[in-house]
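J.: can't give you the sequence, but here's the structure:
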């Protein structure tokens, strides 16, 4: 598949929501030993008791791998000072795709960060299949910085060259493209392969512990998406390194399967032929709708659904017991940290180590109380507590 097709598929991923099915958890066992007249019998009884105790300990929730956070992360990851406080005023443009994921909290984060700085801010909504037109519209306005997500510069190559010539930096997210300011015009990339890999590992570690180290996992992926391929690689590494008794299967589906509603039947058929599977890790949300009904129709029970990048629908279904666990992603925070990157570039400073890593704070929502709290905040976790005030203090506001 060509670069442009990969881009279109990647953009489609960003806006999709999912639902899931929460089913039975692992059970434990117990045994008691009786007196024996022979040493062999005593040893056998002791061995049985030890095995039972081990099983009981695992079922009680023993930590097989370091547990991922299951409560909001409050650590503020950006601490390096800037040069000029407050930063010089900029006129910035946020290119918000027409998809719901771009129009909600993600847009709010960019808007609020600019407002806190007193910057000129304009949001341009555009069709993600016509990204070049959107970027060109922004360039024609000669802003100081441009923000965009999910669109690789290969989709607006001519405009990227113009941005380089005009010295207008582009700050991006949700893409695998490494920042190369003099070649592709990109100065910052959050939630790159490393960032998404970090999320995938958190979800995998949760499954390992939840299953007492005996998960049989199916991951469902559209391999045309480079970012999803990298996510699966992180999932494979997590189970290989942390769970020798776990198994991991991969079901590759196509864009046509997703668009044609064929994914649920394929998942059900796969699990029918692999009845040991008790967890599914969806690499993105649009692979899940209809799967629950398909499994029920096939008489399949005992499968837990998990995934990355929650949204209000998923969070609500966690409270209802239909989704086992999902990662929270700080949509508003992403606008603020991108703005911090723009400040540093304008001041001739390097990005912070955290910004260079492409990571974003994430945690696993796996309980009704945690999900209810996120719902009170609008259904999307905004970011670490008080991050707005901490950025403002860092910027000398």
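T.: Right, received. Where do you want to start? Values in this document were obtained by computation on a predicted structure and should not be read as measured data. Numbering: from 1, shown residues only.
J.: which residues touch residue 206?
T.: Taking CB atoms under 8 Å, 6 or more residues apart in numbering, we find residue 206 in contact with 67, 68, 70, 306, 325, 364, 366. Just so you know, the C-beta spots here come from the backbone N, C-alpha and C atoms, and that holds for glycine as well.
J.: how about 7 Å then?
T.: Counting by CB atoms under 7 Å, 6 or more residues apart in numbering, residue 206 makes contact with 68, 325, 364, 366.
J.: now residue 63
T.: Per CB under 7 Å, 6+ apart, neighbours of residue 63: residue 209.
J.: that one and residue 93, how far apart?
T.: Applying CB to CB, to the nearest Å, the value for residue 63 to residue 93 is 46 Å.
J.: and what of residue 354?
T.: 25 Å.
J.: comparing those two, which residue is more hemmed in?
T.: The residue with more neighbours, out of residue 354 and residue 93, is residue 93; 26 against 18, by other CB atoms under 10 Å.
J.: tell me what that one is bridged to.
T.: With DSSP bridges as the criterion, residue 93 is bridged to residue 122, residue 146.
J.: from what I see, it and residue 124 are in contact.
T.: Yes - between residue 93 and residue 124 there is a contact at 5.9 Å, judged by CB atoms under 7 Å.
J.: possible to save the contacts of residue 206 as TSV with distance to residue 236, pLDDT and secondary structure?
T.: Conversion of the contacts of residue 206 to TSV gives the following (distance: CB to CB, whole Å; pLDDT from 0 to 100; DSSP: H, G, I helix; E, B strand; the rest coil):
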residue	distance to residue 236	pLDDT	secondary structure
68	17	96	coil
325	19	96	strand
364	19	97	strand
366	22	96	coil
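J.: can I get these in CSV with distance to residue 272?
T.: Below are the contacts of residue 206 laid out as CSV (distance: CB to CB, whole Å):
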residue, distance to residue 272
68, 31
325, 24
364, 29
366, 27
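J.: got a winner among those for most neighbours?
T.: residue 325 (28 neighbours).
J.: need the nearest residue in space to that residue, chain neighbours excluded.
T.: With CB to CB, 6 or more residues apart in numbering as the criterion, residue 325 has its nearest non-adjacent residue at 3.9 Å, and that residue is residue 366.
J.: just the helices from the stretch 251-397 of the chain, written as ranges.
T.: In the stretch 251-397 of the chain, the helices defined using DSSP state H, counting those that start in this stretch lie at 255-259, 263-273, 291-297, 312-319, 331-346, 353-357, 368-376, 387-394.
J.: what residues are shared contacts of residue 93 and residue 124?
T.: The contact sets of residue 93 and residue 124 overlap at residue 138 (CB under 7 Å, 6+ apart).
J.: the residue nearest to residue 325 and residue 345: what is the separation?
T.: 38 Å.
J.: before we move on, what about residue 217?
T.: 41 Å.
J.: nearest residue to residue 208 in space, please, no chain neighbours.
T.: Distances taken as CB to CB, 6+ apart put residue 243 closest to residue 208, at 4.6 Å, once the chain neighbours are dropped.
J.: would you say residue 171 is within a strand?
T.: Yes - counting by DSSP: H, G, I helix; E, B strand; the rest coil, residue 171 is found in a strand.
J.: is it true that it touches residue 145?
T.: Yes - Residue 171 is within contact range of residue 145, at 6.4 Å (criterion: CB under 7 Å).
J.: anything in contact with each of those two?
T.: residue 342.
J.: picking up where we left off before, residue 217 and residue 345: who's more crowded?
T.: Each of residue 217 and residue 345 has its neighbours counted (other CB under 10 Å); residue 217 has more, 24 against 18.
J.: ok, now which ones touch that one?
T.: With CB under 7 Å, 6+ apart, residue 217 has these contacts: 207, 239, 246, 247, 248, 249, 279, 281.
J.: try it again with 10 Å
T.: Shown in contact with residue 217 (CB atoms under 10 Å, 6 or more residues apart in numbering): 204, 207-208, 211, 235, 238-239, 243, 246-250, 277-281, 304, 306.
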